[in-house]
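Student: Have a look at this fold, sequence not included:
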């Protein structure tokens, strides 16, 4: 049997596992894989496609963006310990967002002499030798493995994809010695994904669902709280059915996906305190932080009633990767929430007590409709009051953006301190049209949007990012990728000249402190910010800058139109923090 290089089998296995893209930041340890792909190209094979990312954070977040749209893990390939370190903070988001991804990194050669192909040959091969490379990110992956010989490699790769794709999804980490990749051996069996599928997700214990149904039917003031139910597009429909069946308000403390039509009269936004404190039953569905401690006028602050029953349906109800969670739950149910909600609906519909509740349900529906309409009217009035204010106010910006975007436009939200206002004003009515960050590492918006755009192909996409997060995103690397691979998107950079989230937190923690008294907030202001439009243009992308509120709609319309076919950046001048 003909001998082949192990790296050739590695790439062949990627194709077998359904990998569309390899996002790479290369080094001397990745050379065998690069050579194997070059060989494929010479033979007319174009898959997997390769995206060169000049920074590892861009590579990881692009792979996350692609996978969150497609639902399939892609491969990121980085350079030994240093590449792993650079990828680490972006990997935090992948874990918290529960996105499947496989990160591969080389390992510095362990063979000192030149007797074996791939052994050490340059200075950095000694400098990159660390005691345990996996320690860099063990807390941020579901599974990790150091491949010690060629026999293990292909099956370890198949397992990496299997673990990443099992619920709750997340990243796997595979370390690849160069000597193993360059070894020559007889061609063996390529693992088939059909032999290594992820387990089917839990569907919810029937007894627990019946208990939950009984509690819901007994409730006089129930509420539903969700955040990332819409990670499965099919899950929106059963939530709508449940809400409509019993006229239950739906709240989103932090919208991470398109969970529920925001134009529906039962939708009540992020007004957690207003609804939770009077509720006698709270149904949590795919949510990590349902409310915050009650403090000041924060709409997310709440203290549920002591006698309120709390049900939690979640793919991860224990939050095992959050050491201290602290929210009490009476009926926790581990399940794919969309499946569990459908089962819950079937139980509720069979209940004879539904008929006796018709009047109460109708009254609740009318009350929710009135509250929804008044809330929407107030938001519109608040935006219009700000239409002539300069610098531009975020309420007016998002009001205009909502008019311009189409129903199938995909929104990527990395607006940080303005995310709540964005959530109020941007309507999402269709599944899989909104993706927000659940993690806390800044710099996500631009590269995640690039990956999502690759997956969406013909759907228009608008990404909104704060100026601080944009700087974090390695914008030259990201915009270079956008231009080089002709990835269309409209990127809106909110220029408020600093870290508003940090300033807000400082004022909350020290309301009468020296920072407020002196007006000097240390380490938060960008006193001389760069021109974000100029950065885009330097990378070969079209850039716009808008300061006047009367020009906002015209510029956004033009940018959005161009952004359907090319990468476009719009810098919007907001009030300085």
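Tutor: The structure has been received and is ready for your questions. What you see is a predicted model; the values in this text were computed from it and never measured.
Student: what's the pLDDT at residue 1?
Tutor: Residue 1 is assigned 61 on the pLDDT scale.
Student: actually residue 33, sorry about that
Tutor: According to the prediction, residue 33 has pLDDT 97.
Student: That one sits in which helix or strand?
Tutor: Residue 33 is part of helix 31-42, with elements assigned from DSSP states H and E.
Student: buried ones in that helix?
Tutor: In terms of neighbour count (16 or more other Cβ atoms under 10 Å), helix 31-42 has its buried residues at 31-34, 36-37, 40. (C-beta placed from N, C-alpha, C; glycine too.)
Student: Same question for stretch 519-532.
Tutor: For stretch 519-532, by 16+ other Cβ under 10 Å, it's 521, 524, 526, 529, 532.
Student: Go through the residues you listed and flag which are in helices.
Tutor: Of the buried residues of stretch 519-532, the ones assigned to helices by DSSP state H are residue 532.
Student: Just give me the closest of the buried residues of stretch 519-532 to residue 260.
Tutor: Nearest to residue 260 among the buried residues of stretch 519-532: residue 532, at 33.3 Å, using Cβ to Cβ.
Student: which residues sit in contact with that closest one?
Tutor: Contact partners of residue 532, counting by Cβ atoms under 8 Å, 6 or more residues apart in numbering, are 467, 470, 475, 493, 495, 543, 545, 569, 571.
Student: and the third one, how many neighbours?
Tutor: I take that to be residue 475. 25 (other Cβ atoms under 10 Å).
Student: who touches it in this structure?
Tutor: Counting by Cβ under 8 Å, 6+ apart, residue 475 touches 446, 532, 535, 539.
Student: where along the stretch 401-550 of the chain do the strands fall?
Tutor: 410-414, 434-436, 461-466, 489-495, 542-546 (DSSP state E, counting those that start in this stretch).
Student: wait, which of those is closest to residue 174?
Tutor: Of all the strands of the stretch 401-550 of the chain, strand 434-436 comes closest under Cβ to Cβ, at 26.2 Å.
Student: about what we covered before: and the two most separated of the buried residues of helix 31-42?
Tutor: Using Cβ to Cβ, the pair of these lying farthest apart is 31 and 40, separated by 15.1 Å.
Student: now residue 452: how far from residue 66?
Tutor: 7 Å (Cβ to Cβ, to the nearest Å).
Student: er, residue 136 I mean
Tutor: For residue 136, the distance to residue 66 - Cβ to Cβ - is 24 Å.
Student: Repeat that for residue 152.
Tutor: 27 Å.
Student: Does residue 548 touch residue 388 like I think?
Tutor: No: in this structure residue 548 lies outside contact range of residue 388 using Cβ atoms under 8 Å: 9.7 Å.
Student: which stretches of the protein aren't confidently modelled?
Tutor: Applying pLDDT under 70 to the chain flags the ranges 1.
Student: the domain parsing of it - what is it?
Tutor: Domains of the chain are assigned by automatic domain parsing as 3-195, 206-369, 386-573.
Student: Of those domains, which is nearest residue 379?
Tutor: Nearest to residue 379, of all the domains of the chain, is domain 386-573, at 5.6 Å by Cβ to Cβ.
Student: need the contact list for the spatially most central residue of the chain.
Tutor: By Cα atoms, centre = their mean, the chain has its centre lying nearest to residue 437, at 4.3 Å. Residue 437 makes contact with 93, 97, 256, 413-414, 444-445, 448, according to Cβ under 8 Å, 6+ apart.
Student: Let's see that with 6 Å instead.
Tutor: Shown in contact with residue 437 (Cβ atoms under 6 Å, 6 or more residues apart in numbering): 414, 444.
Student: before we move on, what about residue 335?
Tutor: 202-204, 313.
Student: Can you select the buried ones from the contacts of residue 475 in ChimeraX?
Tutor: Buried residues among the contacts of residue 475 (16+ other Cβ under 10 Å), as a ChimeraX selection:
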select :446,532,535,539
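Student: Now render the contacts of residue 475 as CSV, adding distance to residue 45.
Tutor: Below are the contacts of residue 475 laid out as CSV (distance: Cβ to Cβ, whole Å):
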residue, distance to residue 45
446, 30
532, 39
535, 36
539, 30
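Student: which among the contacts of residue 475 gets closest to residue 511?
Tutor: Nearest to residue 511 among the contacts of residue 475 is residue 532, at 32.3 Å by Cβ to Cβ.
Student: so is the residue lying closest to residue 160 once chain neighbours are set aside in a helix, a strand, or just coil?
Tutor: For residue 160, ignoring the flanking residues on the chain, the nearest one in space by Cβ to Cβ, 6 or more residues apart in numbering is residue 172 at 3.9 Å. When classified by DSSP: H, G, I helix; E, B strand; the rest coil, residue 172 comes out as strand.
Student: same question, residue 259
Tutor: coil.
Student: With residue 83 as the reference, measure out to residue 125.
Tutor: Relative to residue 83, residue 125 is positioned 14 Å away (criterion: Cβ to Cβ).
Student: hang on, I meant residue 213
Tutor: Counting by Cβ to Cβ, the gap from residue 213 to residue 83 is 50 Å.
Student: Make sure residue 500 is actually in contact with residue 417.
Tutor: Yes: using Cβ atoms under 6 Å, residue 500 is in contact with residue 417, at 3.8 Å.
Student: circling back: for residue 217, find the nearest of the strands of the stretch 401-550 of the chain.
Tutor: Shortest distance between residue 217 and the strands of the stretch 401-550 of the chain, using Cβ to Cβ, is found for strand 434-436: 31.2 Å.
Student: Which strands or helices does the closest one pack on?
Tutor: On a contact count with 3 or more Cβ pairs under 6 Å, 6 or more residues apart in numbering; DSSP states H and E, strand 434-436 meets strand 410-414.
Student: Indicate each strand paired with the strand it packs on and its parallel or antiparallel sense.
Tutor: In the sheet, strand 410-414 lines up against strand 434-436 (parallel), strand 461-466 (parallel) (DSSP bridges).
Student: To residue 384, which of those lies closest?
Tutor: Minimum separation from residue 384 across the strands paired with strand 410-414 (Cβ to Cβ) falls at strand 461-466, 20.7 Å.
Student: What are the buried residues along that closest one?
Tutor: Those would be 461-466, for strand 461-466 by 16+ other Cβ under 10 Å.
Student: now the helices for the stretch 351-500 of the chain?
Tutor: Per DSSP state H, counting those that start in this stretch, the stretch 351-500 of the chain carries helices over the ranges 353-356, 358-385, 394-404, 419-425, 445-456, 467-472, 475-484, 500-509.
Student: Assumed residue 342 was part of a helix.
Tutor: Yes: assigned with three-state DSSP, residue 342 falls within a helix.
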